[in-house]
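**Student:** Need the 3D shape of this:
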Amino acid sequence: MKKSILSVAIGGSFVLITVFFLIILLPVIPTSEKYSMSVDPIIIKDDMGTETHVAIRNTGTNALTNIVVEYGGATKPDVIPILNPGEKVSLSPPDGSVLNEVQVTTDQGINITKEYRTPASISFVGNSGFGG
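**Tutor:** Have a look, this model is predicted:
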């Protein structure tokens, strides 16, 4: 009899601890949206000129279709027919683009406008990538 009461107490404690941790940790577990994407426009200006690119990643669980990337100005937008979940595309704005911001839209109703950012540069790293 004492063994069964001890077993029930240990089993019940284990269940309570498990439920407690599930309640605490469940909000931390990321849930992916059905349609979601990240847009990262980068511009680098130096003595060699200006380098730009726009990285687009499908961060959702479903494919995105007809992704239109507008660079501004009179330039023709880029169109990505389909971008599968987890897939990333890097684009270069055409000559004549206004390099202030980029606007990205999809058939699924996503509309993101982002300004170009300049990444932090590391002046001591040379062309070789090893500081030389």
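**Student:** Now for the nearest residue to Thr50 once chain neighbours are set aside: which residues touch it?
**Tutor:** Nearest residue to Thr50, sequence neighbours excluded (Cβ to Cβ, 6 or more residues apart in numbering): Ile43, at 6.6 Å. Every C-beta, even on glycine, is put in place using the N, C-alpha and C of the backbone. In this structure, Ile43 makes contact with 50-52, 99, 116-118, judged by Cβ atoms under 8 Å, 6 or more residues apart in numbering.
**Student:** what's the burial count for Thr105?
**Tutor:** Residues lying near Thr105 (other Cβ atoms under 10 Å) number 16.
**Student:** Just to check, it is in contact with Leu64?
**Tutor:** No. Thr105 is beyond contact range of Leu64, at 10.2 Å (criterion: Cβ atoms under 8 Å).
**Student:** Pick out whichever of the contacts of Ile43 sits closest to Phe14.
**Tutor:** Arg117 (49.1 Å; Cβ to Cβ).
**Student:** quick one on the thing from earlier: mean confidence for the helix or strand hosting the residue nearest to Thr50?
**Tutor:** Using DSSP states H and E, Ile43 sits in strand 37-46. The average pLDDT within strand 37-46 is 91.
**Student:** Please apply the same query to stretch 87-101.
**Tutor:** pLDDT averaged over stretch 87-101 gives 91.
**Student:** contacting residues around the residue sitting nearest the centre point of the chain?
**Tutor:** Taking Cα atoms, centre = their mean, the centroid of the chain lies closest to Ser38, which sits 3.8 Å from it. By Cβ under 8 Å, 6+ apart, the contact list for Ser38 reads 55-57, 59.
**Student:** which SSE is Thr65 in?
**Tutor:** Going by DSSP H and E, Thr65 is part of strand 64-70.
**Student:** sorry, back to before: could you check the angle strand 64-70 makes with the strand holding Ile43?
**Tutor:** 30 degrees (axes from the mean of the first three to the mean of the last three Cα atoms, to 10 degrees).
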